[in-house]
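Peer 1: give me coordinates for this.
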Amino acid sequence: MAISDIEIEVFIRKTTKRYKQRTYTNYLLVETVRTPQGPRQRVVCSLGDLSPGPRRKWQSLASQVEAVLQGQASLEPLDPWVDGIVGRIRSSGALSEPEDLVSVHTDRVSVEEAREAGSVHVGHQIWQRLGLEEILREVGLSAPARLLSEVMVLNRLIAPSSEHAMPGWVKRTALSDVLRFDLSELDDDVLYRNLDRLHPNRQGIERALAQREESLFNLDSTYCLYDLTSTYFEGQCLANPKAQRGYSRDHRPDCKQVVVGLVLDRDGFPKAHEVFEGNRQDRATVEDMLSLLETRTGRRGGATVIVDRGMAQEENLAQIRARGHHYLVASRQSERQAWMDEIEEEEGWHEIFRQPSPRNPGQKKSRVWIKRVETEERLYILCRSEGRKAKDEAIRLKQEKRLLADLERLRQRVETRRPPAERVYEAFGRLKERYPRVARYWKMEYEAETSKLSWTEDRDKKQRALRLDGAYLLKTDRKDLSDEEAWRLYMLLTRVEDAFRDMKSPLSERPIFHQLQRRVEAHIFLCVLAYHLLVTIEKSFLDQGVHTSWATLRQQLATHQVVTTVLPTSDGQLLKIRQATTPEAQHKEIYGILNIPHQVIDPVKTWLPTPRVLHAV
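Peer 2: Residues are numbered from 1 along each chain as shown. Now for the predicted structure:
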């Protein structure tokens, strides 16, 4: 989507007025100017009834008048009409000579202190639009704390770095110019202390921000998408009791971690988040998150909670219903087995129409078929997916290969060391836990007398597993949903996955280097606040039919800068002008879609005496 540029131009307008049976003609010299409210027209002066000649020449004559008034020389002799109009304008005082005209040494003009401004400008404008300055003030943060908080959140949004490296990043950007505050003396100790100020105010900030976004964007809060991810640490984290080893979604089982729970609405805006112990099981977080959601949103009952199979235990569903909510979940693998006959039955299926992604219009979507089955208490949606089938096959083959390799290693160890039988059976149990998808159709046996270990494939069970590849089961207590609507609602969970992906990259939530629990939680909170800005930016583009990512926008904005132009004047002084470069077409397009000003900062002029150069004698 392109934003058309509005050229500032001077033109002539003819006006007529009838008075007492007579028509009077007047010619106006008009200029189009850009204002925060859009283009406006301003009358430079009235030309009276002096006719400018044929109408086809008006634009050319107006351009000549504009050039002369701006001090531009012309190789061609001026039209007598233009010369006369300029004289009339200047003698009448309608357009006085500019006071800022200076004579400079053009061969000594220089540019210095170029700083990246585009992304900082966008981040600051969205920060203001979300009302975060007012929200931080209401929770009791001082003006310096509010300023530092914005600096830290914008850093996570634009170029994530540690508190130790953040002052260096600030100096490389136009953040001081945009915020109108000198940040040259910023150090990491101040930033660490600000984390401590933010930590106790997380709940109030998150609650107020969710309410602000709901009213600002007219969001639907009747659906809550909840999922978990893990974030690992560098270091021992001895001072953080939540840092534990557990199931690592980052594939770093060697590191301690915490588990982060995040609730989004159906538009992808965060409603609440929490940090749990690193060894906390998914299903053990549901009750806490429901309480947290009620506290931070003030909503009690009536929502539809959508979670993945890791939190689809009957106890979790009971917790959701006990608080007056509905649920939509993916059933666990073991429950899927009971629906084998319905899955294999060919009748009752219909295909879901899936539109290509606007970002990849040429990409072919995998085909999905669904079937509706109702019971007295629930609605079940049986699903078969081509893409899911390929993924299940790949995972199963990978697990099977690793299981057989581990069994072979175990057999060699048994034959060499002859361990007690209970140790061998314990090894069998660990293998079944490690490879649950395939271990169920491999029968493992051990003869203690001969120390012989063997395994055989159960072909019937394997064929049953093969038939389940690509099939999954959804269930909900909302029978009012159509089968397609239920499937599409469940697929919204991918937005939580996208949120976690954005928080880890480009917002660089991991790895965490903090050692104290409060600072770890404050660090994650900064990432959540930065994600609020990110999702606001991307939604603004999506609403305009433009499908892009913040990472792409950030790269495009990098070329819009703030610079200082140094002009040595003929009277021995230096004029320094601190201003933004003229935005390019792609910058104007981004600012236009976001509805933010094109002008990053107001120009700042500084007069200095020309430094004297001492020559050695």
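Peer 1: what sits against residue 493?
Peer 2: 225, 227, 306, 307, 308 (Cβ atoms under 8 Å, 6 or more residues apart in numbering). Heads up, the C-betas are built off the backbone N, CA and C, glycines and all.
Peer 1: of those residues, which belong to helices?
Peer 2: In helices, judged by DSSP state H, none of those are found.
Peer 1: dump those residues into JSON lines; add pLDDT, distance to residue 583 and neighbour count as well.
Peer 2: Rendered in JSON lines, the data for the contacts of residue 493 read as follows (pLDDT from 0 to 100; distance: Cβ to Cβ, whole Å; neighbours: other Cβ atoms under 10 Å):
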{"residue": "225", "pLDDT": "94", "distance to residue 583": "37", "neighbour count": "26"}
{"residue": "227", "pLDDT": "94", "distance to residue 583": "39", "neighbour count": "22"}
{"residue": "306", "pLDDT": "96", "distance to residue 583": "41", "neighbour count": "26"}
{"residue": "307", "pLDDT": "94", "distance to residue 583": "44", "neighbour count": "27"}
{"residue": "308", "pLDDT": "91", "distance to residue 583": "44", "neighbour count": "17"}
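Peer 1: closest one of those residues to residue 406?
Peer 2: Nearest to residue 406 among the contacts of residue 493 is residue 308, at 27.7 Å by Cβ to Cβ.
Peer 1: the closest residue to the closest one other than its chain neighbours: neighbour count?
Peer 2: In space, and not counting its chain neighbours, residue 308 is closest to residue 330: 5.6 Å by Cβ to Cβ, 6 or more residues apart in numbering. As a burial measure, residue 330 scores 22 neighbours (other Cβ atoms under 10 Å).
Peer 1: local confidence estimate at residue 330?
Peer 2: Per-residue pLDDT puts residue 330 at 93.
Peer 1: and it, what are its bridge partners?
Peer 2: residue 474 (DSSP bridges).
Peer 1: what's near enough to touch it?
Peer 2: Going by Cβ under 8 Å, 6+ apart, the list of residues near residue 330 reads 308, 309, 312, 472, 473, 474, 490.
Peer 1: touching, the fifth one and residue 334? I think so.
Peer 2: Meaning residue 473. No - look at residue 473 against residue 334 with Cβ atoms under 8 Å: they stay out of range, at 10.8 Å.
Peer 1: between these two, which has more neighbouring residues?
Peer 2: Remark: of residue 473 and residue 334, residue 473 carries more neighbours, 23 against 9, as counted by other Cβ under 10 Å.
Peer 1: skipping adjacent residues, who's closest to the more buried one in space?
Peer 2: Nearest to residue 473 is residue 331, by Cβ to Cβ, 6+ apart, at 4.1 Å.
Peer 1: same check, this time on residue 571
Peer 2: Using Cβ to Cβ, 6+ apart, the closest residue to residue 571 is residue 103 (7.7 Å).
Peer 1: mind checking how far the one you found is from residue 112?
Peer 2: Per Cβ to Cβ, to the nearest Å, residue 103 is found 21 Å from residue 112.
Peer 1: and what of residue 319?
Peer 2: Taken as Cβ to Cβ, the span from residue 319 to residue 112 is 62 Å.
Peer 1: higher neighbour count, these two?
Peer 2: residue 319 (21 against 10).
Peer 1: the more buried one falls within a helix, correct?
Peer 2: Yes - applying DSSP: H, G, I helix; E, B strand; the rest coil, one finds residue 319 inside a helix.
Peer 1: which pLDDT value belongs to it?
Peer 2: pLDDT, residue 319: 95.
Peer 1: is it true that it touches residue 286?
Peer 2: Yes - using Cβ under 8 Å, residue 319 makes contact with residue 286 at a distance of 5.5 Å.
Peer 1: break the protein into its domains for me.
Peer 2: Annotated domains of the chain cover 10-92, 345-355+364-480 [automatic domain parsing].
Peer 1: out of the ones you listed, which is closest to residue 587?
Peer 2: Short answer: domain 10-92, nearest of the domains of the chain by Cβ to Cβ, at 14.7 Å.
Peer 1: where does pLDDT dip in the stretch 251-400 of the chain?
Peer 2: In the predicted model of the stretch 251-400 of the chain, residues 356-363 satisfy pLDDT under 70.
Peer 1: max-length helix in this structure?
Peer 2: For the chain, the helix with the greatest residue count under DSSP H is helix 386-417.
Peer 1: tell me what it is packed against?
Peer 2: helix 421-434, helix 436-439, strand 442-447, strand 452-457, strand 471-476 (3 or more Cβ pairs under 8 Å, 6 or more residues apart in numbering; DSSP states H and E).
Peer 1: return the distance of the second one from the chain's centre.
Peer 2: With Cα atoms, centre = their mean, to the nearest Å as the basis, the distance from the averaged C-alpha position of helix 436-439 to the chain average is 37 Å.
Peer 1: mind listing what's buried in it?
Peer 2: By neighbour count on 16 or more other Cβ atoms under 10 Å, the buried set for helix 436-439 is 438, 439.
Peer 1: what is it packed up against?
Peer 2: So helix 436-439, by 3+ Cβ pairs under 8 Å, 6+ apart, packs with helix 386-417.
Peer 1: just the angle between the helix it packs on and helix 421-434, please?
Peer 2: 160 degrees (axes from the mean of the first three to the mean of the last three Cα atoms, to 10 degrees).
Peer 1: tell me the contacts of the residue sitting nearest the centre point of the chain?
Peer 2: By Cα atoms, centre = their mean, the chain has its centre lying nearest to residue 534, at 2.5 Å. Counting by Cβ under 8 Å, 6+ apart, residue 534 touches 157, 502, 507, 550.
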